[in-house]
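*Asks:* just need the structure, nothing else, for what follows:
(4 chains)
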There are 2 protein chains.
Amino acid sequence: MTLKDIAKKLNISVATVSKALKDYDDVSLATKTRVQDYVEKVKFTPNSVAASLRTQKTKTIGVVIPELNHYFFSAVLSGILAEAEKHDYTVLIQQTHESYNAEKRQIKKLLFKRVDGILISIAGKTNDTQHLKDVVDSETILIQFDKISKLVAASKIIIDDRKAAFNIVQHLHQQGKKTIAHLRGPLLPQVAIDRFIGYKQALEHFQLSYDAKRVVVCDKGIRREGYTATAKLLQKDPTIDAIFAHTDSVALGAIDYLLAHDIKIPEQVAVVGFSNWEISKHSRPQLTTVNQPGIKMGRAAFQQFLKEVDKKYKRQTVEPETKFIPTRLIHRESS
Amino acid sequence: MTLKDIAKKLNISVATVSKALKDYDDVSLATKTRVQDYVEKVKFTPNSVAASLRTQKTKTIGVVIPELNHYFFSAVLSGILAEAEKHDYTVLIQQTHESYNAEKRQIKKLLFKRVDGILISIAGKTNDTQHLKDVVDSETILIQFDKISKLVAASKIIIDDRKAAFNIVQHLHQQGKKTIAHLRGPLLPQVAIDRFIGYKQALEHFQLSYDAKRVVVCDKGIRREGYTATAKLLQKDPTIDAIFAHTDSVALGAIDYLLAHDIKIPEQVAVVGFSNWEISKHSRPQLTTVNQPGIKMGRAAFQQFLKEVDKKYKRQTVEPETKFIPTRLIHRESS
DNA sequence: TTGTATGCGTTATCAC
DNA sequence: GTGATAACGCATACAA
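*Replies:* Got it, this is the predicted structure:
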């Protein structure tokens, strides 16, 4: 069933049917209701594919994230979906599993699908960003969130990782801690770099000593890693009295080690995580962490897209912006 | 840039360009490489919207789930995505938040988008299924997974909830438990009904007593509910020595109550959850539960779609099938 | 207020 | 092996 069929049935033109369905005001109320009633009756569903071809808009965005089965990213996606639905957009989803090649392939596919915009959190191993520049060149709107590349001229929605890390150290300092270790993330992603910088700046600011021996990379971000890294840390420096882990699961691994060795938390060693995943409040002791508001970030990312797409359709120039989503420290039992 | 532009540039016809790009064998190798090289050089991306309009296939499926920020469902989606990408399909995602109206609206939108198929796990409050029958009527392939309606003539991918619940009771019986309570899910969804039936059948089979007083509905499925429900249970019947909760978070709530009242787990009261969410292995004591293999279920759902869409294109009739994804009990510290 | 005509970018049928 | 041409279903400029 198409507009044509309806037109024939009602003895009017296709153009009129089209306009009537879109509630144009140069169509008489009489024919409008005639068309709308008929459409209702026969359950006609217009074909968005044809409309998209004609208008050159798909009202669809693509979202590319590293991992879907992940508390933070699924929250972001949830926020994007909520906002997208409100503004009548649909969402194509792609998952990279942190693979650069998958990311390249998926972006290509989204351009093939002619999405109006792409919202992306880049894969950990991505360092070449040509595929992202291709998106910008194709005049498709690009919004980066969370894991971003500074080298790409596109808007960015992020948290202030430096500040959040700074606040964690400040908190530990206020709790009387003096020798603070850091279980950091992989070397490449900006988030890991910024958390490390914030950590270092805070140590300096509060005149606490920094020592590279007290920083261990945990690049898989899994619980077991936190365990072994903590073992290593305390072996190298038994005076450590606090651990700031770059992620909640790594922090839980640290707690595992401390519990297993009868080290009192937080009296002897305090532990702070990052992200406020579900597991952080289900653990014992409950984990102090920083909330990373995924839903808000998702909403903000979509809103940024919407703002830019509106400008684009009005033929205004769009300047990339960077938006920070506020975080706060959640003080629980582990510190 | 379009096929037309390429044709003009290379002094050949649009038809030939199209065929060359699709590697048809009635076009010479020479022109094929000429076209492909040029396309490579200028980074031409064909327009799938036009292709879809022409072929009446979008190579896109829609997925409708109750909650994205949820360990099980994001796993299912992850499985769907993996399989879809392998077969060159893209995925439009919709989230109902368990709302029937949202579900109706979103299905309509997916039909508007002319997806080739819809994979759905229905909302808890959905009892009218006309919108699902509409999908079938529109000749769009419909696959149900996990939360399904028996009333809809479409394939179903589920776990054997009855059997899984039966196995839980069997396990508790083997541990010497005699008075087994059940924190059940809401009354409507089939999964909750089946888990309850499996529980009851097992009690009968092992000649354990059943008493409606030992069954409490926890329809929100949250931790706090498990706490208060357990309080209620033990008040009504202090002889209860095992609790089977319909979901891991409810089980954790039960554990909270038992720990708070110095009741030994599992010696005095054993606890078993359902789903094997991430939190179940991060809790203390670690939770005995049933794994619900989300990724496998997602893959199976897509494969079922693929099978049916192939048949459809070959004009063969498709009969709805029901597939069971095997589960297994994961024995941990709480039982 | 309504209708006519054109094009969006492909694919596919049928000539040549 | 190649090309001309007609759809696919809708939106819109313009004519009536």
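*Asks:* quick check: the residue of the stretch 1-150 of chain A found nearest DNA strand C vs A:L21, distance?
*Replies:* Ranked by C-beta to the nearest atom of the strand, the top residue of the stretch 1-150 of chain A for proximity to DNA strand C is A:A15, at 3.1 Å. For glycine as for every other residue, the C-beta is placed from the backbone atoms N, C-alpha and C. Counting by C-beta to C-beta, to the nearest Å, the gap between A:A15 and A:L21 amounts to 11 Å.
*Asks:* of the two, give the one with the bigger neighbour count.
*Replies:* Relative neighbour count places A:L21 above the other of A:A15 and A:L21, with 17 against 12, counting by other C-beta atoms under 10 Å in any protein chain shown.
*Asks:* what does the stretch 51-200 of chain A put close to chain B?
*Replies:* A:52-53, A:58, A:60, A:68-71, A:74-75, A:77-78, A:81-82, A:85, A:90-95, A:106, A:108-114, A:134, A:138 (C-beta under 8 Å from any C-beta of the partner chain).
*Asks:* ok, and which of those residues reach DNA strand D?
*Replies:* The subset of these lying close to DNA strand D, counting by C-beta under 7 Å from any atom of the strand, consists of A:L53.
*Asks:* which of the residues of the stretch 51-200 of chain A next to chain B fall in helices?
*Replies:* Secondary structure from DSSP state H places A:52-53, A:71, A:74-75, A:77-78, A:81-82, A:85, A:106, A:108-112, A:134 of those in helices.
*Asks:* buried subset of these, written for PyMOL?
*Replies:* The command below creates a PyMOL selection of those among these that count as buried (16 or more other C-beta atoms under 10 Å in any protein chain shown):
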select buried, chain A and resi 52+53+71+74+75+77+78+81+82+85+106+109+110+111+112+134
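*Asks:* so which of the ones in helices among the residues of the stretch 51-200 of chain A next to chain B reach DNA strand C?
*Replies:* Cross-checking these against DNA strand C (C-beta under 7 Å from any atom of the strand) gives A:L53 as the overlapping residues.
*Asks:* okay, now the domains of chain A?
*Replies:* Taking automatic domain parsing as the domain assignment, the record places the domains of chain A at A:45-153+A:296-326, A:161-291.
*Asks:* buried residues in stretch A:280-287, which are they?
*Replies:* Those buried within stretch A:280-287 under the rule 16+ other C-beta under 10 Å are A:S280, A:H282, A:S283, A:L287.
*Asks:* cool, stretch A:93-104 as well?
*Replies:* By neighbour count, and taking 16+ other C-beta under 10 Å as the criterion, the buried residues in stretch A:93-104 are A:I93, A:Q94, A:Q95, A:T96, A:E98, A:S99, A:Y100, A:A102, A:E103, A:K104.
*Asks:* nearest to B:I263, of the domains of chain A?
*Replies:* Using C-beta to C-beta as the measure, domain A:161-291 is the one of the domains of chain A that comes nearest B:I263, at 16.5 Å.
*Asks:* quick check: closest non-adjacent residue to A:L132.
*Replies:* Of all residues beyond its chain neighbours, the one nearest A:L132 is A:V152 (4.6 Å), with distances taken as C-beta to C-beta, 6 or more residues apart in numbering or on different chains.
*Asks:* quick one: that neighbour from B:V269, how far?
*Replies:* With distances defined as C-beta to C-beta, the gap from A:V152 to B:V269 amounts to 56 Å.
*Asks:* so the two - more neighbours on which side?
*Replies:* B:V269 (25 against 20).
*Asks:* tell me the spacing between that one and DNA strand C.
*Replies:* Distance of B:V269 to DNA strand C, given as C-beta to the nearest atom of the strand, to the nearest Å: 63 Å.
*Asks:* thought that residue was touching B:A242?
*Replies:* Yes: in this structure, B:V269 sits in contact with B:A242. The criterion is C-beta atoms under 8 Å, and the distance is 6.4 Å.
*Asks:* how far away from the center of its chain is stretch A:242-257?
*Replies:* 22 Å (C-alpha atoms, centre = their mean, to the nearest Å).
*Asks:* all strands for chain A, in order.
*Replies:* Shown for chain A, the strands assigned by DSSP state E span residues A:60-65, A:90-95, A:117-120, A:141-145, A:155-159, A:180-184, A:215-217, A:242-245, A:270-272, A:289-290, A:322-325, A:329-330.
*Asks:* so who does A:V115 touch?
*Replies:* When the contact criterion is C-beta atoms under 8 Å, 6 or more residues apart in numbering or on different chains, the partners of A:V115 are A:T58, A:T60, A:I61, A:G62, A:L92, A:T140.
*Asks:* just put those in JSON lines and tack on pLDDT and neighbour count.
*Replies:* Listed next are the contacts of A:V115 as JSON lines, based on pLDDT from 0 to 100; neighbours: other C-beta atoms under 10 Å in any protein chain shown:
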{"residue": "A:T58", "pLDDT": "98", "neighbour count": "23"}
{"residue": "A:T60", "pLDDT": "98", "neighbour count": "23"}
{"residue": "A:I61", "pLDDT": "98", "neighbour count": "26"}
{"residue": "A:G62", "pLDDT": "98", "neighbour count": "25"}
{"residue": "A:L92", "pLDDT": "98", "neighbour count": "21"}
{"residue": "A:T140", "pLDDT": "97", "neighbour count": "20"}
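*Asks:* and which of those residues is nearest to chain B?
*Replies:* Ranking the contacts of A:V115 by separation from chain B, with C-beta to the nearest C-beta as the measure, puts A:L92 on top at 5.2 Å.
*Asks:* report the buried residues of stretch A:39-52.
*Replies:* A:V39, A:F44, A:T45, A:P46, A:N47, A:S48, A:V49, A:A50, A:A51, A:S52.
*Asks:* make that stretch A:161-176, sorry
*Replies:* Using 16+ other C-beta under 10 Å as the burial criterion, the residues of stretch A:161-176 that qualify are A:D161, A:R162, A:K163, A:A164, A:A165, A:F166, A:N167, A:I168, A:V169, A:H171, A:L172, A:H173.
*Asks:* off-centre distance for it?
*Replies:* Averaging C-alpha positions (C-alpha atoms, centre = their mean) puts stretch A:161-176 23 Å from its chain's average.
*Asks:* any residues touching that stretch, and which ones?
*Replies:* For stretch A:161-176, using C-beta under 8 Å, 6+ apart, the contacting residues are A:180, A:190-191, A:194-199, A:201-203, A:205-206, A:208, A:242, A:244, A:266, A:270, A:272, A:274, A:288, A:290, A:327, A:329, A:331, A:335.
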